[in-house]
Each structure stands twice: as structure tokens, then as C-alpha cells.
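Q: pasting the structure only:
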């Protein structure tokens with residue numbers, strides 16, 4: 001009786017809402033990117049109990065521990081991730097932990113790693129401490145006003161392959177292959193802007209936060225960074241108001257996300273780990289699991305042979321309905337972040 005009383009537009013609206021609800025219900029995997037710069041003199045002692053706790057909840061992903069803090073991305077049920085956050089924040093040093101959620105219908109990680117590092121994001125300068133000095137945080141809702149200022153120099157602190165698939169309009173690409181190269185970029189290209197306002201951003205906030213700390217140590221005064229990174233901006237700022245162009249590379253099997261953190265159109269070359277388009281897969285230099293137009297000819301025969309064997313094992317595992325951990329895109333975090 002209720003449905004009969006509805007007119008066609010009302011029925012379509014109700015059907016749409018039900019579809020959205022069902023779609024959300026089907027989403028099983030919560031993905032949580034987190035970090036915190038905080039002094040952890042006992043970081044080596046944290047590793048084993050933290051990993052054991054994560055394993056008990058069936059959580060997967062990678063967490064990095066160093067004397068300067070914690071960084072990583074994990075995935076599991078929403079309930080299990082909330083338990084992890086509660087566990088971490090029971091330590092007062094993690095009370096203001098930066099974290100953000102996104103969701104996937106497929107498991108984005110195939111294994112769990114809790115690793116000890118010299119830095120939680122590798123700049124190669126362990127003396128840079130964001131706990132002592134850092135730039136001004138800018139919330140996503142205020143970001144457009146800042147970067148629309150013609151006197152502001154906008155810097156993308158991510159790597160070149162990340163910039164290629166998306167960035168903020170007008171952002172400078174440092175053309176770095178790893179974050180270790182950012183200090184050289186600063187010395188070679190940014191010194192001329194030392195008296196200007198510098199606004200910086202990255203995927204989740206950690207690289208731009210450390211970048212502002214570095215610039216402050218080099219005498220830059222007016223330094224700003226996007227609080228929560230691109231992911232928070234794409235989540236909170238309406239697409240029609242957005243100054244973001246393209247997609248945002250992420251360090252898991254989704255490869256890239258767009259506004260509202262929906263999965264993007266990119267796949268990934270499992271030889272070089274760079275994002276690829278559907279057009280790339282039609283190129284004569286593309287071989288699934290072994291090469292793409294970017295990396296073709298840059299690997300030796302032994303490497304290509306290993307990639308082909310890995311792809312063979314991945315496909316055999318899929319036929320058996322199993323996951324093959326060698327196909328985990330999260331390995332890019334170690335190589336490029």
C-alpha cells in the first residue's frame with residue numbers, strides 16, 4: 001500500500017536510497033591511513049605486541065615504527081580498525097593520532113607488516129623533527145582560499161609518478177622519484193621563494209608536514225600544509241568546488257581514488273609498480289605482470305623472468321581462489337614513499 005501511494009519520482013528516489021544503502025552494506029573492508037610524529041624511544045619494544053594485537057583482529061597492511069613516530073595504512077572490518085585505534089590511543093603519545101577512513105569491496109592488502117625504521121617517512125635527515133617546528137596547518141575547507149592567492153607558491157611534495165595522474169591546479173612538480181630528493185629540490189629550486197608564502201600538500205599529510213619542518217629549518221617563515229592531505233580534501237570538499245584535477249595515487253591495491261574517495265580508473269604495472277591506464281595495456285610494450293610502456297627495456301632478462309614467473313603464480317593462485325602475497329601493491333610504499 002505504501003509503495004502504491006508513491007508517485008514515480010518518489011519511487012525512483014526511494015529505489016536510489018535503497019541501492020545506496022545496500023551498496024554500503026556490501027562494503028566489507030575499512031581502510032585506515034594513520035600517522036603521528038611523536039617521540040618513541042621505545043619503538044623497538046612496541047613492534048611485537050602491536051603486531052600480535054593486529055594479527056588477533058585479522059588486520060592487514062603495513063605500519064612503520066621509528067623514534068620519530070608511527071605511519072602506515074591498515075585494513076580490516078570497521079570494528080577491528082576501531083579496536084586498533086583504541087589500542088594505540090591508550091598510549092598518551094598517540095592521543096592526537098592523525099587517521100582517515102576509506103572503504104573497499106575488496107581486501108586492499110594481502111599480508112601484515114610492522115616494520116622498524118630510522119624514519120616513518122624517509123627524507124634521509126633524521127634530525128628534522130616536526131614535533132619541534134612545523135608549518136601552519138590548513139583545513140580542507142580553507143585550502144582553496146589559500147592556494148587561490150596569486151602570491152602563494154604551491155608545491156606537490158609527492159613523487160613524479162603520483163603527480164602525473166593528478167594534482168592541484170597550478171601546483172609545482174618537484175620531479176622527484178623519492179622523498180629523499182626533496183631537500184635537493186628545495187636547495188636548487190625553492191630558495192628563490194624564501195620570502196613568499198609556500199603551501200605544500202601530499203597524500204595523507206605526513207610528507208608535507210615533514211617538508212614544512214625542513215623548510216622551517218632552512219629559514220622559510222611562511223610555510224603552510226594541507227591538514228589531512230589530499231585524501232581529506234577529496235573527502236570533505238564538494239567536487240563542484242574542488243581545485244583538484246585528476247586522481248590521487250594510493251599505496252594499496254586500489255591504485256588511485258577520486259572525489260569522495262571512490263576507486264579511480266587506474267591499474268598498476270606489477271613490474272615497475274607505476275599506475276597505468278587502459279590505453280597503456282593496449283601498447284605493444286605492455287605485458288601483464290612483466291612490463292609497461294614506462295618500464296619496457298629498463299629491466300634485465302633475469303628480472304623480466306622473475307616478473308613473468310610471479311605473474312604465472314598470481315594467476316594460478318586466482319584459479320585456486322587464493323591470494324598471492326607477491327602481488328601486493330603495498331610494496332610501493334617501501335620503494336617510492
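A: Nice, I can see it. A quick note: this is a predicted structure, and the numbers were derived from the prediction, not measured. Numbers count the residues shown, from 1 in each chain.
Q: distance of the residue most central in space within the chain from residue 109?
A: By Cα atoms, centre = their mean, the mean C-alpha position of the chain lies nearest to residue 250, the distance being 3.9 Å. In this view, residue 250 and residue 109 are 12 Å apart by Cβ to Cβ, to the nearest Å. (Each C-beta comes from the backbone N, C-alpha and C, glycine too.)
Q: so where is this structure shaky, pLDDT-wise?
A: With pLDDT under 70 as the threshold, the chain has low-confidence stretches at 1-27, 322-337.
Q: now do 50
A: Under the criterion pLDDT under 50, the flagged ranges of the chain are 1-3, 17-25, 327, 329-337.
Q: show me where it has helices.
A: Listed in chain order, the helices of the chain (DSSP state H) span residues 8-26, 43-56, 78-89, 140-147, 160-165, 182-185, 206-217, 229-236, 301-319, 332-336.
Q: now do the strands in the stretch 151-300 of the chain.
A: Ranges of strands within the stretch 151-300 of the chain are 152-156, 166-168, 197-201, 223-226, 244-246, 248-249, 256-257, 267-268, 275-276, based on DSSP state E, counting those that start in this stretch.
Q: can you tell which of those is closest to residue 116?
A: Distances from residue 116 to each of the strands of the stretch 151-300 of the chain were compared using Cβ to Cβ; the minimum, 25.6 Å, belongs to strand 248-249.
Q: each with direction, which strands does that closest one pair with?
A: For strand 248-249, the pairing partners within the sheet under DSSP bridges are strand 256-257 (antiparallel).
Q: contacts for the partner strand?
A: The contact list for strand 256-257 (Cβ atoms under 8 Å, 6 or more residues apart in numbering) reads 102, 165-166, 231, 234, 247-250, 263-266, 275.
Q: span of stretch 116-133 from start to end?
A: Chord length of stretch 116-133, first to last residue, is 24 Å (Cα to Cα, to the nearest Å).
Q: got the buried residues for that stretch?
A: The neighbour-count criterion (16 or more other Cβ atoms under 10 Å) identifies 119, 120, 121, 122, 123, 128, 129, 130 as the buried residues of stretch 116-133.
Q: next one: stretch 28-42
A: Buried residues in stretch 28-42, defined by neighbour count with 16+ other Cβ under 10 Å: 29, 30, 31, 32, 33, 34, 35, 36, 37, 38, 40.
Q: stretch 185-199 too?
A: Residues of stretch 185-199 classed as buried under the neighbour-count rule (16+ other Cβ under 10 Å) are 185, 186, 190, 193, 197, 198, 199.
Q: cool, and stretch 94-103?
A: For stretch 94-103, by 16+ other Cβ under 10 Å, it's 94, 97, 98, 99, 100, 102, 103.
Q: can the residues you listed go into TSV with extra columns for distance to residue 298?
A: Listed next are the buried residues of stretch 94-103 as TSV, based on distance: Cβ to Cβ, whole Å:
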residue	distance to residue 298
94	41
97	39
98	36
99	37
100	35
102	32
103	35
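Q: show me those residues that map onto strands.
A: Assignment to strands by DSSP state E places the following of those there: 98, 99, 100, 102, 103.
Q: does the first one really touch residue 32, like I thought?
A: No - under the criterion of Cβ atoms under 8 Å, residue 98 is not in contact with residue 32, lying 10.7 Å apart.
Q: picking that back up, in strands only, show me the buried residues of stretch 28-42.
A: Among those, the members falling in strands (DSSP E) are 29, 30, 31, 32, 33, 34, 35, 36, 37.
Q: ok, the nearest residue to the first one once chain neighbours are set aside to residue 52 distance?
A: In this structure, residue 29 finds its nearest non-sequential neighbour in residue 104, 4.8 Å apart by Cβ to Cβ, 6 or more residues apart in numbering. From residue 104 across to residue 52, the span is 25 Å (Cβ to Cβ).
Q: likewise residue 272?
A: When distance is defined by Cβ to Cβ, residue 272 is 34 Å away from residue 52.
Q: who has more neighbours, these two?
A: Here residue 272 and residue 52 are compared on neighbour count by other Cβ atoms under 10 Å; more neighbours surround residue 272, at 20 against 10.
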